[in-house]
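1. Fold the following for me, if possible:
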Amino acid sequence: MSEQEEREVQAALQRLREQGRLPSPGEVARQIQALSLRDDVSTAEIAAWVRQDPVLTGRLLKFANSPVIGFSRPVVAIQDALVLLGIGVVRQLAIGLSVMADNMDGPCQAFDYPRFWSESLATGVTAQVLCTRGLAFSGEEVFSTGLLSAVGRLALAALEPETYGELLNAGDDATLLQRERETFGLDHLMLTAALLREWGLPEVHVEGVLYHERPPALQEGDSARARLLAHLLSTARLAARLFMSEDEDREAPLSRVLAAAEVLGYEPEAMGALLEEAAAQWQEWGQVVDVPTRTPGSFAPTAGEREADAEEARRQAERAARQAQKMQAIGRITGGVAHDFNNMLAAILGYAELALERNQARYGDDRLENYLRQIQRTGQRAQERIAQMLAFSHGSSREPRRVEPGPVLREILASIEHLMPAGIQVQFQAEPDLPKVLMDLAAMEQAITNLCLNARDAMGQSGTLLVRVGRVSGLHRSCVSCEGPIDGDFLEIAVSDTGGGIPPQHVRRIFEPFYSTRPQGEASGMGLAVVHGIVHKLGGHILLENVLGAGVTFRLLLPVAGGA
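-> Next up, the predicted model:
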């Protein structure tokens, strides 16, 4: 968050406190929170407070006995649950369940409070189920984090009930964050993060929540764990919306869930079984906490669906082959034209230089010198354009070398930061212990610069430009420019912006030379074509995460160098 956004968040929380409308845990949950921060606290002390709230006691025991926790014997005493779950988990559960119980309705008539908590409950349950299959998080912790992951919406609905109601009616969830920022100068994720931080949730959970509803490219954070949690919560929320959709309308939301789950390493068939498990637990929990649910049906792929998937894979391979042939043909044509023009430009610039020397030696005609200088400048700009065409068709002629990517990218960003307006925040994040990759430094600087300048143009005078570098594997996706399959171990350089996104009808052509989404004359259309040429010469691929109204991320995937 920017400093201005942080001020807006704190001002909003203060107004809610003054109005007596700030979503907060009840007295028992607050006491449990305070006790849990003491080094010398005992489970007996916390159990005594839990027993003062019979409803909370029942719900904690329900959680301790749920199948995903997997204790070998029934848990019937709250002190046993505290020992088995841990004080930190019980604190988070007490806060989450208390906030839910005290906010089942509110002042905003357009806000569907039961539906909100139903979706939040499904998010928490699904996150918990996914964590039982090998992700590096405790399912007990992510349940309460998922349950509270959008509690900032409650805060905005309480802060300005009529305004927020009008905002909700003005569009769907896809553009909600943008509409909130335009109206309030902040969004519900910022408020959620501030509340979770106040309630003592771990910082990695706060970061994961802050970014989980943003495009995958913007699911940032200071650590790989925060980014993983952001994607886990994002997948769980997509699943929650799938559970709540009508059966006849669920094909698109199911596809989104399966695509998101693949990034976490879940194959569609395995994910179908996990979704059914999560949906069943969501229904059980709904009865316990008096939240409406529905029976969403089966998610396991049928034989027909598996056959359709195989046919789609075959068509995808054909599309990739056609795209590769198309880009190769465009490259050959572009390269041939560029070489011819290069030869002609060499002659033009050479004769211009001779004419300048002759004018200076014999005539001293200032106007003629100005004309000749203009010819030189135009010719040099044409040479730069031709260099871009050659970079697309052949890539760089220099041999790449093994480099450490973090320092290289930090230096590239430092060299272009002055090109950004004062209102654009430039951020850089690098995972520790990154492998070396093969890189032509000059070419990579050109590729990153092109992406950053495109991001600047998309955002205008304000926004956030994030360059992130880390290691990824097991993507099982298709390259957005060559459409070939992506498999293996890669170094990822992600360039994200908070602009308006790319209209879907343009996405398939943005890497073609001379194709631009901007008005004619405002751009060469070579920037992304150059990026394509540079990345693919290194054996890499490109992914695109694009959400209209929220931003774009270009993910450059470079093979990890041998011996790294």
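
2. mind listing the strands for this structure?
-> With DSSP state E as the criterion, the chain has strands at 401-403, 424-430, 437-439, 463-473, 477-478, 485-486, 489-496, 541-547, 551-559.

3. Take these and lay them out in JSON lines including mean neighbour count and distance to Leu56.
-> Where C-beta positions appear, they are placed from N, C-alpha and C, glycine not excepted. Below are those laid out as JSON lines (neighbours: other C-beta atoms under 10 Å; distance: least, C-beta to C-beta, whole Å):
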{"stretch": "strand 401-403", "mean neighbour count": "14", "distance to Leu56": "55"}
{"stretch": "strand 424-430", "mean neighbour count": "16", "distance to Leu56": "39"}
{"stretch": "strand 437-439", "mean neighbour count": "23", "distance to Leu56": "52"}
{"stretch": "strand 463-473", "mean neighbour count": "20", "distance to Leu56": "40"}
{"stretch": "strand 477-478", "mean neighbour count": "17", "distance to Leu56": "43"}
{"stretch": "strand 485-486", "mean neighbour count": "18", "distance to Leu56": "47"}
{"stretch": "strand 489-496", "mean neighbour count": "23", "distance to Leu56": "41"}
{"stretch": "strand 541-547", "mean neighbour count": "21", "distance to Leu56": "38"}
{"stretch": "strand 551-559", "mean neighbour count": "24", "distance to Leu56": "40"}
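
4. So which of those strands is nearest Arg179?
-> strand 541-547 (13.8 Å; C-beta to C-beta).

5. what mean pLDDT does the closest one have?
-> Strand 541-547 shows a mean pLDDT of 84.

6. And stretch 462-478, by the same measure?
-> 84.

7. Likewise for stretch 252-262?
-> Summarised as a single mean, pLDDT over stretch 252-262 is 82.

8. and what of stretch 207-223?
-> Regarding stretch 207-223, the rounded mean pLDDT is 64.

9. next one: stretch 417-426
-> On average, stretch 417-426 scores 89.

10. Take the strands of the chain and write them to JSON lines, including distance to Phe184.
-> Below are the strands of the chain laid out as JSON lines (distance: least, C-beta to C-beta, whole Å):
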{"stretch": "strand 401-403", "distance to Phe184": "44"}
{"stretch": "strand 424-430", "distance to Phe184": "19"}
{"stretch": "strand 437-439", "distance to Phe184": "42"}
{"stretch": "strand 463-473", "distance to Phe184": "17"}
{"stretch": "strand 477-478", "distance to Phe184": "35"}
{"stretch": "strand 485-486", "distance to Phe184": "39"}
{"stretch": "strand 489-496", "distance to Phe184": "23"}
{"stretch": "strand 541-547", "distance to Phe184": "20"}
{"stretch": "strand 551-559", "distance to Phe184": "19"}
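
11. among the ones you listed, which is nearest Tyr363?
-> For the strands of the chain, proximity to Tyr363 was assessed by C-beta to C-beta; strand 424-430 is nearest, at 48.6 Å.

12. Direction included, what does the closest one pair against?
-> As defined by DSSP bridges, the strand partners of strand 424-430 come to strand 463-473 (parallel).

13. Next, the angle from the strand it pairs with to strand 541-547.
-> Angle, strand 463-473 to strand 541-547, by axes from the mean of the first three to the mean of the last three C-alpha atoms, to 10 degrees: 140 degrees.

14. residues making contact with strand 463-473?
-> 2, 218, 220, 224, 227, 405-406, 409, 413, 420, 423-431, 434-435, 448, 452, 455-456, 459, 488-499, 557, 560 (C-beta atoms under 8 Å, 6 or more residues apart in numbering).

15. before we move on, back to that, closest one to Ser118 among the strands of the chain?
-> Using C-beta to C-beta, the strands of the chain put strand 541-547 closest to Ser118, at 24.5 Å.

16. Nearest to Asp365, out of the strands of the chain?
-> Here strand 424-430 is closest among the strands of the chain (C-beta to C-beta), at 45.4 Å.

17. can you give me how far the closest one is from the chain middle?
-> 15 Å (C-alpha atoms, centre = their mean, to the nearest Å).

18. what about dumping the CA coordinates of it to CSV?
-> Coordinates of each C-alpha in strand 424-430 appear next as CSV, following Å, rounded to 0.1, in the frame of the first residue of the first chain:
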residue,chain,number,x,y,z
ILE,A,424,4.2,5.4,-10.1
GLN,A,425,5.7,3.3,-7.4
VAL,A,426,8.5,1.0,-8.7
GLN,A,427,9.0,-2.1,-6.6
PHE,A,428,11.4,-5.0,-6.9
GLN,A,429,11.2,-8.4,-5.2
ALA,A,430,13.7,-11.3,-5.5
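
19. which residues are contacting it?
-> 2, 220-222, 405-406, 409-410, 413, 417, 420, 456, 459, 461-470.

20. what's the neighbour count on Glu512?
-> Residues contacting Glu512 under the criterion other C-beta atoms under 10 Å number 19.

21. and if you look at Ala447?
-> 28.

22. Which residues are in contact with it?
-> Val530, Val531, Ile534, Val535, Leu556.

23. Report the two of the residues you listed separated the most.
-> Between any two of the contacts of Ala447 (C-beta to C-beta), the greatest distance is 12.3 Å, for Val530 and Leu556.

24. Helices of the stretch 51-200 of the chain, start to end?
-> Assigned by DSSP state H, counting those that start in this stretch, the helices in the stretch 51-200 of the chain fall at 54-64, 78-85, 87-102, 113-131, 139-147, 152-159, 161-169, 176-184, 188-198.

25. so where is the stretch 51-200 of the chain shaky, pLDDT-wise?
-> 67-72, 132-140, 174 (pLDDT under 70).

26. could you redo the last one with a cut-off of 90?
-> Applying pLDDT under 90 to the stretch 51-200 of the chain flags the ranges 51-104, 125, 128-145, 167-183, 185, 198-200.

27. re the thing from before, could you say which one of the strands of the chain comes nearest to Glu27?
-> Checking the strands of the chain against Glu27 by C-beta to C-beta gives strand 463-473 as the closest, at 39.3 Å.

28. That closest one to strand 551-559, inter-axis angle?
-> Here strand 463-473 points in a direction 30 degrees away from that of strand 551-559 (the same axes, to 10 degrees).

29. beta partners for the closest residue in space to Ile502 that isn't next to it in sequence?
-> The spatially closest residue to Ile502, leaving aside those adjacent along the chain, is Asn546, at 5.1 Å (C-beta to C-beta, 6 or more residues apart in numbering). On the basis of DSSP bridges, Asn546 is bridged to Val552.

30. Done for today, thanks.
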